[in-house]
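K.L.:
got a sequence here, can you model it:
(4 chains)
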There are 2 protein chains.
Amino acid sequence: MLYGSLLAVLVFLLKWLQWKFLIVDNSIEIYIGLIAVFFTILGIWVATQLVKPKIETITETVIVKKEIYVPGPAAFSINQKELEKLNLSSREYEILQLLAKGYSNADLAGNLFLSLSTIKTHVSNLYFKMDVKSRTQAIEKAKRLNIIQ
Amino acid sequence: MLYGSLLAVLVFLLKWLQWKFLIVDNSIEIYIGLIAVFFTILGIWVATQLVKPKIETITETVIVKKEIYVPGPAAFSINQKELEKLNLSSREYEILQLLAKGYSNADLAGNLFLSLSTIKTHVSNLYFKMDVKSRTQAIEKAKRLNIIQ
DNA sequence: CAACCGCTCATACTTTAGTACCAAAATAGG
DNA sequence: CCTATTTTGGTACTAAAGTATGAGCGGTTG
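P.N.:
Numbering: from 1, shown residues only, chains lettered A, B, ... in the order given. Purely as a prediction, here's the structure:
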């Protein structure tokens, strides 16, 4: 139970770190470095928690509980706000995500089982809502605002 | 000394993992997951190593100081090896970076004081070297291989 | 129910991107 | 100095992207 909830918190923390550092610099190395540091500390903490009972039985001393502050889920609501600002429809957002993967309009049409006309309409409306003039600008802005991965 | 050399090994392992997974599938989540698991285990190991002496001397001493060294977030830059593999000229690399910022060919021409023809030539050669067929693919691949920010 | 919105698709058009092939300076390296 | 590479630029073409406008369909909401 405890470890389960801990894991949930970690997932949130991971996500938060992800947003945070993508905004700043996209430097994946820093991100990975922090992950490494964090999980090392976590490992140490887990180990000490596991070892403690042993010491308890030997010395029968007092157990000290440590409180760790973890940021709540409010931390990664920033990108969501930006996303809501744009007021994209679900189809438009779906297409935006695929644009960032390098899909052409034809690719999108084939992948989503839509006509090229439909794709163009969606893409065009997407550009209007995002206030950009090309797919590369849309991708750049979307990544900068951190509304896509 | 021991921990120092261990860290060196870890750096190499990190690098190796990076190459390995970027080549295979680019799945950064798997990569991060492995990093997380590895460093958690490392942390546990470190902690157990540090705790051991405590149990030995527990009959005599009460307070034991633990010193833990954690690897700092090494801010190593872009994936130099992947970049060298592509064998891009400096102009091509320069243009690649600007492509990722959403520049059109005309923007590039104006910005670099070159003719549209020249830009097209560079861009086309860039695509050939990167084995892609469009600017969005080039951007996606460049970011995936971590050769641009 | 009527108005609205999102999704779909179409046609016609303009603009931009991308390819192919060529060639001449400029630059670096042996 | 000569050679290879890079950088620059051109023409001509095809392909793709993007714009504008209209329209039908289905669900939601006032």
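K.L.:
just give me the neighbour total for residue A:80.
P.N.:
Using other CB atoms under 10 Å in any protein chain shown, residue A:80 is surrounded by 12 other residues. All C-beta atoms are positioned from the backbone trio N, CA, C, and that covers glycine.
K.L.:
do the same with residue A:79
P.N.:
Residue A:79 has 18 neighbours, counted by other CB under 10 Å.
K.L.:
that one contacts residue A:143, doesn't it?
P.N.:
No - in this structure residue A:79 lies outside contact range of residue A:143 using CB atoms under 8 Å: 10.6 Å.
K.L.:
list the contacts for the residue in chain A that DNA strand C sits nearest to?
P.N.:
Nearest residue of chain A to DNA strand C (CB to the nearest atom of the strand) works out as residue A:89 at 2.6 Å. Contact analysis of residue A:89 by CB atoms under 8 Å, 6 or more residues apart in numbering or on different chains lists nothing.
K.L.:
phi, psi for residue A:102 please.
P.N.:
Dihedral angles of residue A:102 (phi, psi; degrees, to the nearest 10) stand at phi 90, psi 10.
K.L.:
neighbours around it, how many?
P.N.:
Neighbour count of residue A:102, defined by other CB under 10 Å: 20.
K.L.:
where do the contact lists of residue A:79 and residue A:143 overlap?
P.N.:
Residues touching both residue A:79 and residue A:143 (CB under 8 Å, 6+ apart): there are none.
K.L.:
tell me the residues of chain A that contact DNA strand D?
P.N.:
Applying CB under 7 Å from any atom of the strand, one finds that chain A approaches DNA strand D through A:104-106, A:117, A:120-121, A:123-124, A:127, A:133-136.
K.L.:
any weak-confidence spans in chain A?
P.N.:
Along chain A, the parts satisfying pLDDT under 70 run over A:1-78.
K.L.:
run the last query once more with 90
P.N.:
Low-confidence segments of chain A (pLDDT under 90): A:1-82, A:149.
K.L.:
follow-up on the earlier one: from the residues of chain A next to DNA strand D, which is closest to chain B?
P.N.:
Using CB to the nearest CB, residue A:136 comes nearest to chain B of those, at 4.4 Å.
K.L.:
for that closest one, give me its contacts.
P.N.:
Taking CB under 8 Å, 6+ apart, one finds B:99, B:100, B:102, B:103, B:104, B:135, B:136, B:139 in contact with residue A:136.
K.L.:
hmm, 10 Å instead?
P.N.:
For residue A:136, the contact set (CB atoms under 10 Å, 6 or more residues apart in numbering or on different chains) comprises A:99, B:99-104, B:107, B:134-136, B:138-139.
K.L.:
give me the subset of these touching DNA strand C.
P.N.:
Answer for the contacts of residue A:136 near DNA strand C (CB under 7 Å from any atom of the strand): B:104, B:134, B:135, B:136.
K.L.:
can you give me the distance of the last one to residue A:128?
P.N.:
Relative to residue A:128, residue B:136 is positioned 19 Å away (CB to CB, to the nearest Å).
K.L.:
what residues are up against residue A:129?
P.N.:
Here residue A:129 is in contact with A:85, A:86, A:87, A:88, A:89, A:92, A:96, A:138 (CB under 10 Å, 6+ apart).
K.L.:
recalculate using a threshold of 6 Å.
P.N.:
With contacts defined as CB atoms under 6 Å, 6 or more residues apart in numbering or on different chains, residue A:129 is in contact with A:86, A:88.
K.L.:
do the one 10 residues further on as well
P.N.:
Counting by CB under 6 Å, 6+ apart, residue A:139 makes contact with A:99, A:100.
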